[in-house]
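Participant: sequence first, then the predicted structure, then my questions.
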Amino acid sequence: MLEASAAITFAGNPLDRASEKRKDEDWLAAQWRSPDSLILPLWRTRPFVIEQGGKTILGLMRPGLTDALAASAPPPVFLGLEGDSAVFAVDLSDGPDPAKGGPLAGLGRFQDLRAAAMSLSAADSAIAAQAKAIVDWHDRHRFCAQCGAPSQPKSAGWSRLCTNPGCAAEHFPRTDPVVIMLATRGERCLLGRQPKFPPGFYSALAGFVEPGESVEEAVRREVKEEAGIAVGRVHYFAAQPWPFPSSLMIGCFAEAESEAITVDGEELDDARWFDKAECAAALDGRNPALALPPPLAIAHHLVRAWVES
């Protein structure tokens, strides 16, 4: 069984989510005021980061500094516990960049999560991913999907309740499952490229799992649809939370049963078989003809695990 040789980015969140505390409003209110609590500000889904000792770290603030900003923001989301300290996320998007004026000015910056994850520790990246995904969900689900009335946050930010008394539907965050697979045949693997990719860049094939479909069935369907390749056995590899906006990348290896490629022309504009030597050189930056995803992406780990097997 092939396994990841390094941690998957955005996985391994160290927080105790303490879901049993989400409906304890008195406890939550006390934690929000506690000097031991930590608050992660986000602006337009970008986490706040600071430079400390030559390293980029997550900009977790103590209560007080963000009070004036949070007063006009949506209710905070309780992310969990770090030891005995409660950790909250607060969305400060309803105004100009708070890092360019106000109490956060000069302390740090709001940075796109993809870029921030290149410098943050694995733990900080995972916490930031959790915060981004849930804040983004609230922004995209302000109205009830059942009747269209406004909805409001409940359970410390982990659900939304329709404000229409005749409906009162409760909505919960959803994660979209996505299969991402490396199809292999002997000593070669199948990689494809989308039209938006830069020249020479190839990656593993991927697609959303459809209703009424298993992971294995989704892998076989996507490879067949996109590249015309029949797939037999499917092996699970690892999963990656992917908060763009809220997906779970389910990494798999797939045993190809055919070789002739027929590109669909929609999802992919090219697909090719590459051998291990080509991929190994690309991973090490020694193959100018082939660029592969960086370690941020689970596709990188799929290729590396196969090359090193």
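Facilitator: Structure received. Numbers count the residues shown, from 1 in each chain.
Participant: specify the local secondary structure of the residue lying closest to S37 once chain neighbours are set aside.
Facilitator: Once flanking residues are discounted, S37 sits nearest to A86: 4.5 Å by Cβ to Cβ, 6 or more residues apart in numbering. C-beta coordinates here come from the backbone N, C-alpha and C atoms, glycine included. Under DSSP: H, G, I helix; E, B strand; the rest coil, the three-state class of A86 is strand.
Participant: hmm, A86 is touching A29, no?
Facilitator: No. The pair A86 / A29 is not scored as a contact, 10.8 Å apart, by Cβ atoms under 8 Å.
Participant: now do the end-to-end distance for stretch 159-168.
Facilitator: End-to-end distance for stretch 159-168: 12 Å, by Cα to Cα, to the nearest Å.
Participant: pull out the buried residues from that stretch.
Facilitator: S159, R160, L161, C162 (16 or more other Cβ atoms under 10 Å).
Participant: in strands, which of those residues appear?
Facilitator: Among the buried residues of stretch 159-168, DSSP state E puts S159, R160, L161, C162 in strands.
Participant: got these as JSON lines, with pLDDT and distance to A73 columns?
Facilitator: Listed next are these as JSON lines, based on pLDDT from 0 to 100; distance: Cβ to Cβ, whole Å:
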{"residue": "S159", "pLDDT": "98", "distance to A73": "19"}
{"residue": "R160", "pLDDT": "98", "distance to A73": "16"}
{"residue": "L161", "pLDDT": "98", "distance to A73": "19"}
{"residue": "C162", "pLDDT": "98", "distance to A73": "22"}
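Participant: now these as TSV including distance to E187?
Facilitator: Below are these laid out as TSV (distance: Cβ to Cβ, whole Å):
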residue	distance to E187
S159	49
R160	50
L161	55
C162	56
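Participant: please identify which of those is nearest to D264.
Facilitator: R160 (37.1 Å; Cβ to Cβ).
Participant: which stretches of the stretch 151-300 of the chain form helices?
Facilitator: 215-227, 276-283, 298-307 (DSSP state H, counting those that start in this stretch).
Participant: point out the most buried one among the ones you listed.
Facilitator: helix 298-307 (a mean of 22; mean count of other Cβ atoms under 10 Å).
Participant: what lies in contact with it?
Facilitator: The contact list for helix 298-307, computed with Cβ atoms under 8 Å, 6 or more residues apart in numbering, reads 2-6, 8, 180-182, 184, 189, 191, 203-204, 206, 237-240, 249, 251, 253, 276, 279-280, 283, 292-295.
Participant: switch the cut-off to 6 Å
Facilitator: Helix 298-307 has contacts (Cβ atoms under 6 Å, 6 or more residues apart in numbering) with 2, 4, 8, 182, 189, 203-204, 240, 249, 251, 276, 279-280, 283, 292-294.
Participant: R62 versus E267, what's the distance?
Facilitator: Here the criterion is Cβ to Cβ, to the nearest Å. By it, E267 lies 47 Å from R62.
Participant: if you count what's nearby, which of the two comes out ahead?
Facilitator: Neighbours were counted for E267 and for R62 using other Cβ atoms under 10 Å; E267 has more, 17 against 13.
Participant: of the helices of the stretch 151-300 of the chain, which is nearest I39?
Facilitator: Nearest of the helices of the stretch 151-300 of the chain to I39, taken as Cβ to Cβ: helix 298-307 at 30.0 Å.
Participant: what about stretch 270-289, start to end distance?
Facilitator: Start-to-end, stretch 270-289 (Cα to Cα) is 14 Å.
Participant: same question, stretch 111-128
Facilitator: 11 Å.
Participant: how about that stretch: buried residues?
Facilitator: Neighbour-count burial for stretch 111-128 [16+ other Cβ under 10 Å]: Q111, L113, A116, A117, L120, A122, A123, D124, S125, A126, I127, A128.
Participant: show me what contacts the third one?
Facilitator: Listed by Cβ under 6 Å, 6+ apart, the contact partners of A116 are V49.
Participant: recalculate using a threshold of 10 Å.
Facilitator: 46-49, 56, 58, 109-110, 124-125, 128-129, 132 (Cβ atoms under 10 Å, 6 or more residues apart in numbering).
Participant: which of those residues sit farthest apart?
Facilitator: Longest span within the contacts of A116, Cβ to Cβ: R109 and A129, 18.0 Å.
Participant: who has more neighbours, the two?
Facilitator: The residue with more neighbours, out of R109 and A129, is A129; 25 against 19, by other Cβ under 10 Å.
Participant: just the ones of the contacts of A116 in strands?
Facilitator: Reading strands off those with DSSP E, I get R46, P47, F48, V49, T56, L58, R109, F110.
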